[in-house]
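Asker: Predicted model follows, preceded by the sequence.
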Amino acid sequence: MDKNKENPDFYGCNDGLEEWEIEERNGRLKEISEGLTQFLKNTQLNLTIKQFEMSLTPGIPSCVVYGNSARPTFGTDWIYNSAIPKIKREVIRAVTEKALETVGNETAGAYVLRGSATAVSKKLIMQNVLGVRLSTNGDSCWEDIEKMFLNAFSIELMSWELLNSVIDTYEEKYMRYRLWNKKSLSALADFLLFDHSSKRNNVELPAMAEDMEGDRLSQEKFIELASNYISRYTEPDGTEMSYPFFSKESYIFSEFIPLHLAEEGIKNRLYNWYLEAHESNK
């Protein structure tokens, strides 16, 4: 059959390919289409599988003219080098747009906007992309959502790629850090340097216990470790834990200016408290 008459908009879809290569390509395209369809059913994205037909159709569009030496072939290499990257870009764009669409309408202090850009982005994806009702009692679990992303895809798109896109855009457009003051910095020192494990059995504090027993840390290394511990303890949905525990005046330290960007006076004060705690631990 004349391929031009069968599909007048695309030409040469099988040119230069062996029969087994055509079968392999078609099987992979079917797998991608089925996986993508299932993923779209599991999300609230404004996308349909029909919008990806062009990207999943092998061949040269009739509006494109190639010289004889530049005519491409449309086997599995075309899928990995052209079709999949196009689909991934569109899905990432749609997820990012959908995740962030309600940010401007959220009330001040809304739970979905508490925590670091990473924590906020996870919750926005769960809430707006997947329709998960967020809860402070631990019912919403990012790890479960992450597994769903991994299982649904057939286009080699990992959940961290989606998350990173949302994080980057949220940080650029919406993230506003709080300023450290004496009370919040004192609470951070207390969180990092003193033992409160009896108050929260599932968190093994003090966060920096192992760093108190060895050689004294330089200020640079101390600030690096302290920054890591700020984001170490999280609720199941990714929100960093607030401290002091069970207090109306608790802090989520990841909402404050990152320590490596803080003023020297802030870093010096925190480091001096570390030196005092390290000395008393000998």
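Answerer: Yep, it's here. Numbers count the residues shown, from 1 in each chain.
Asker: Look at the closest residue to Lys173 other than its chain neighbours and say how many residues are nearby.
Answerer: Once flanking residues are discounted, Lys173 sits nearest to Leu100: 7.5 Å by Cβ to Cβ, 6 or more residues apart in numbering. Bear in mind the C-beta positions are built from the backbone N, C-alpha and C, glycine included. As a burial measure, Leu100 scores 19 neighbours (other Cβ atoms under 10 Å).
Asker: any idea how far Pro236 is from Leu100?
Answerer: Distance, Leu100 to Pro236, by Cβ to Cβ, to the nearest Å: 22 Å.
Asker: Equivalent analysis for Asp168, please.
Answerer: Distance, Asp168 to Pro236, by Cβ to Cβ: 24 Å.
Asker: and if you look at Ile223?
Answerer: Ile223 is 28 Å from Pro236, by Cβ to Cβ.
Asker: Same check on Val129?
Answerer: 18 Å.
Asker: One more: Glu156?
Answerer: Separation of Glu156 from Pro236 (Cβ to Cβ): 27 Å.
Asker: Tell me which of Val129 and Pro236 has more neighbours.
Answerer: Val129 (23 against 14).
Asker: Correct me if wrong: the more buried one contacts Val95.
Answerer: Yes - between Val129 and Val95 there is a contact under Cβ atoms under 8 Å: 5.6 Å.
Asker: Give me the residues contacting the lengthiest helix in the chain.
Answerer: Criterion DSSP state H: the longest helix present in the chain is helix 19-41. With contacts defined as Cβ atoms under 8 Å, 6 or more residues apart in numbering, helix 19-41 is touched by 14, 17, 47-49, 52, 56, 58, 74-76, 78-79, 83-84, 87, 91, 152-155.
Asker: Only the buried subset of those, as a PyMOL command please.
Answerer: For the buried members of the contacts of helix 19-41, the matching PyMOL selection, counting by 16 or more other Cβ atoms under 10 Å, is:
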select buried, resi 14+17+47+52+56+58+74+75+78+79+83+84+87+91+152+153+154+155
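Asker: Low-confidence ranges, the protein, go.
Answerer: 1-9, 66-70, 137-139, 148-153, 195-207, 209-213, 281-282 (pLDDT under 70).
Asker: Can you show me the helices along it?
Answerer: Assigned by DSSP H, the chain shows helices spanning 3-6, 19-41, 76-78, 84-100, 117-124, 142-152, 159-173, 182-193, 210-213, 219-230, 264-280.
Asker: Show me which of these has the highest average neighbour count.
Answerer: Most buried of the helices of the chain, by mean neighbour count (mean count of other Cβ atoms under 10 Å): helix 117-124, with a mean of 24.
Asker: re earlier: between Val129 and Val95, what contacts are shared?
Answerer: Both Val129 and Val95 are contacted by 43, 45, under the criterion Cβ under 8 Å, 6+ apart.
Asker: Kind regards, and thank you for your time.
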